[in-house]
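predicted model and sequence below, questions to follow.
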Amino acid sequence: MEQYSRLPISVLESLPEADGEEIHRIYQEEWKDFGRKVLVLDDDPTGIQTVHDVSVYTDWSEQSLEEGMQEENSLFFVLTNSRSFSASQTEKEHKILAERAVKGAAACGKKLLLVSRGDSTLRGHYPLELEALREAVEQQTGRPVHGQILCPFFREGGRYTINSVHYVKEGDMLVPAGQTEFARDKTFGYHSSHLGEYVEEKSGGRYRKEDSIYITLSMLRAQKLEEITQLLLQAENFRPVLVDAAAQSDVETFAICLLRATKAGKDFLIRSAAALPKVLGNISDRPLLDRQELLGAEADEAAGENYGGIVLIGSHVKKTTLQLEELKKTRVPAEFLEFNVNTCFRKGGLAEETRRVIREAEEAMNRGKMAVVYTSRTLLAPEGMNGEEKLKLSVEISDAVTGVIAGLHRKPAFLVAKGGITSSDVGTKALKVRKALAAGQVQPGIPVWKTGPESRFPGLAYIIFPGNVGETDTLKKIVELLAPASLEE
């Protein structure tokens, strides 16, 4: 396996420029008669990092899917939270979901485009999710799925794909993804930075590097629309299509060709980060949400009551730890409460720890402070635990941490959850949200749900903060934006 070098971030400025306005104009024309309903299956709640004013459903019942299909918007999300699933559960649920989605679309007289939104640092159940979807779709429609598209670019998170190598921005350098901490994930680890090698590695050789179709940055920047479209038309037998991108215009250029190939009769399944769904749904840009948009009339009400908010930090990646340390410097009065995850090795330990943290968090908020609950940074797992066992343990811990929010007796002034699995469990299990509105972003790549009337705290601006996104001071900025004025020193 080839080793790839780190690149200075300045390399992005040296790339040939694209005519973004012209590309956008062509895409808008191409999209007009596309007509497909785009259903994004999100493996954690962070896939809405680029969109606004779209629905997110937290279950895939026939009722929810039918409701989403009948919406005026061309795109909607279903939160699967499958990154917390076992492999067998992932396969089972994706087959059920695809079967219901295809039937639901047909009943509404609509054609469907399925997107599996995965992590921009290449973690998750790939290729399992796409293969399960393929099997169900082909059974339901009697038509082959010709290709699988991989596009992990996500500018807001600093993820770029250049010459088929996927990079993660760290400081002023672009680090090949296989050399980052994300590649060492205990459950979803990998070694490859080159997308062709990654696909071959994760598929156990079923999809070989040399058999993939490569959509390169040089092709995209030269606007070789006909050449790219012809490559897509060559896809057969679920052939991987691996897409470079270093700017939004690259994604739009590729999407023009994808729409043309689809209209010509080709069917694809997509595995992407958050950039491509925004384009396929034709979602416009919008400014970051401000305090009034986030909290509305509740901003002044919460300030008057002098009741604190809560931050829940489950993610343990290095970036999150640095953001936590920076948050400790905030001018907002705060109580920092460590949730000891190693109580999981003692019978009843997690439940006892949850009760303790609820009690101390509510005491802090009643005193007008912000409660910051964070998991201890090290899990002392016994040697010899396999990936499935570690995943099961992480789910147990996540349930206990989520229980802190579920156990609150009063609506907090604000709620921030840090980490993909953590934020999903908070939304579905603690807040009991069935349908939320993706309102926009509070910082680049950090989305906001407005919870539905059926939820435990209706109308709450729920900040979903991915573990691997943002600068060191981003969490601190968000908290200081959200905190009632009377909580600031």
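Right, received. Where do you want to start?

pLDDT score for residue 324?
Looking at residue 324, its pLDDT reads 94.

convert the C-alpha atoms of the helix or strand harbouring it to PDB, please.
Assessed by DSSP states H and E, residue 324 sits inside helix 318-327. Provided in PDB are the C-alpha atoms of helix 318-327 (Å, rounded to 0.1, in the frame of the first residue of the first chain):
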ATOM      1  CA  LYS A 318      -8.400  14.700  20.100                       C
ATOM      2  CA  LYS A 319     -10.100  17.700  18.500                       C
ATOM      3  CA  THR A 320     -13.000  17.400  21.000                       C
ATOM      4  CA  THR A 321     -10.600  17.200  24.000                       C
ATOM      5  CA  LEU A 322      -8.900  20.400  22.800                       C
ATOM      6  CA  GLN A 323     -12.300  22.100  22.400                       C
ATOM      7  CA  LEU A 324     -13.300  21.000  25.900                       C
ATOM      8  CA  GLU A 325     -10.100  22.500  27.400                       C
ATOM      9  CA  GLU A 326     -10.700  25.800  25.600                       C
ATOM     10  CA  LEU A 327     -14.300  25.800  26.800                       C
END
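
how far is it from where the chain is centred?
Centre-to-centre, helix 318-327 and its host chain are 20 Å apart (CA atoms, centre = their mean, to the nearest Å).

next: stretch 53-68.
The chain centre lies 17 Å from the centre of stretch 53-68; the measure is CA atoms, centre = their mean.

ok, residues contacting that stretch?
For stretch 53-68, the external contacting residues (CB atoms under 8 Å, 6 or more residues apart in numbering) are 39, 42, 45, 48, 71, 73, 75-80, 93, 96-97, 100-101, 104, 107-108, 281, 283, 427-428, 433-440, 449. Where C-beta positions appear, they are placed from N, C-alpha and C, glycine not excepted.

so, low pLDDT: which residues of this protein?
Applying pLDDT under 70 to the chain flags residues 1, 297-305, 379-384, 484-489.

which strand is the longest one in it?
Of all the segments assigned as strand in the chain under DSSP state E, the longest by residue count is strand 435-443.

what residues sit buried inside the helix or strand just after it?
Going down the chain from strand 435-443, the next helix or strand is strand 446-451, by DSSP H and E. By neighbour count with 16 or more other CB atoms under 10 Å, strand 446-451 contains the buried residues 446-451.

same deal with stretch 101-119?
Across stretch 101-119, burial judged by 16+ other CB under 10 Å covers 101-102, 104-105, 112-119.

now, which of the residues you listed lie within strands?
Among the buried residues of stretch 101-119, the ones falling in strands (DSSP E) are 112-117.

taking the residues you listed, tell me the two that lie furthest apart.
112 and 117 (15.3 Å; CB to CB).

just the buried members of the contacts of stretch 53-68?
Neighbour-count burial (16+ other CB under 10 Å) applied to the contacts of stretch 53-68 gives 39, 42, 45, 48, 75-80, 93, 97, 100-101, 104, 281, 283, 427-428, 433-440, 449.

in helices only, show me those.
Using DSSP state H, the members of the buried ones among the contacts of stretch 53-68 that fall in helices are 93, 97, 100-101, 104.

the longest strand of the chain packs against which elements?
Under the contact criterion of 3 or more CB pairs under 8 Å, 6 or more residues apart in numbering; DSSP states H and E, strand 435-443 touches strand 54-57, helix 291-295, strand 446-451, strand 461-465, helix 474-482.

so what are the sheet partners of the fourth one and their directions?
To tie it back to what came earlier, the one meant is strand 461-465. Next to strand 461-465 in the sheet, as set by DSSP bridges, lie strand 415-418 (parallel), strand 446-451 (antiparallel).

which of these sits closest to residue 224?
Comparing those by CB to CB, strand 446-451 comes nearest, at 33.6 Å.

pull the residues that contact the closest one.
Here strand 446-451 makes contact (CB under 8 Å, 6+ apart) with 45-46, 48-49, 51, 56, 289, 294, 427, 431, 433, 436-442, 457-466, 469-470, 474, 478.

now the angle from it to strand 435-443?
Strand 446-451 runs at 150 degrees relative to strand 435-443, counting by axes from the mean of the first three to the mean of the last three CA atoms, to 10 degrees.

and the angle for strand 446-451 with helix 474-482?
In terms of direction (the same axes, to 10 degrees), strand 446-451 departs from helix 474-482 by 40 degrees.

going forward, begin numbering at 3 instead of 1
I'll keep to 3 as the first residue from here, and by that count the last item is strand 448-453.

using PDB, list the CA coordinates for strand 448-453.
Extracted C-alpha coordinates of strand 448-453, given in PDB (Å, rounded to 0.1, in the frame of the first residue of the first chain):
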ATOM      1  CA  ILE A 448     -22.400  22.400  13.000                       C
ATOM      2  CA  PRO A 449     -26.100  21.900  12.500                       C
ATOM      3  CA  VAL A 450     -29.200  22.800  14.500                       C
ATOM      4  CA  TRP A 451     -32.400  20.900  15.000                       C
ATOM      5  CA  LYS A 452     -35.600  22.600  15.900                       C
ATOM      6  CA  THR A 453     -37.400  19.900  17.800                       C
END
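
list of residues touching stretch 97-114?
Contact partners of stretch 97-114, identified using CB under 8 Å, 6+ apart, comprise 37-39, 41, 43, 62, 64, 67-68, 71-72, 80, 82, 116, 134-135, 137-139, 141-143.

tell me where the stretch 303-452 of the chain has strands.
312-315, 336-341, 372-377, 417-420, 437-445, 448-453 (DSSP state E, counting those that start in this stretch).
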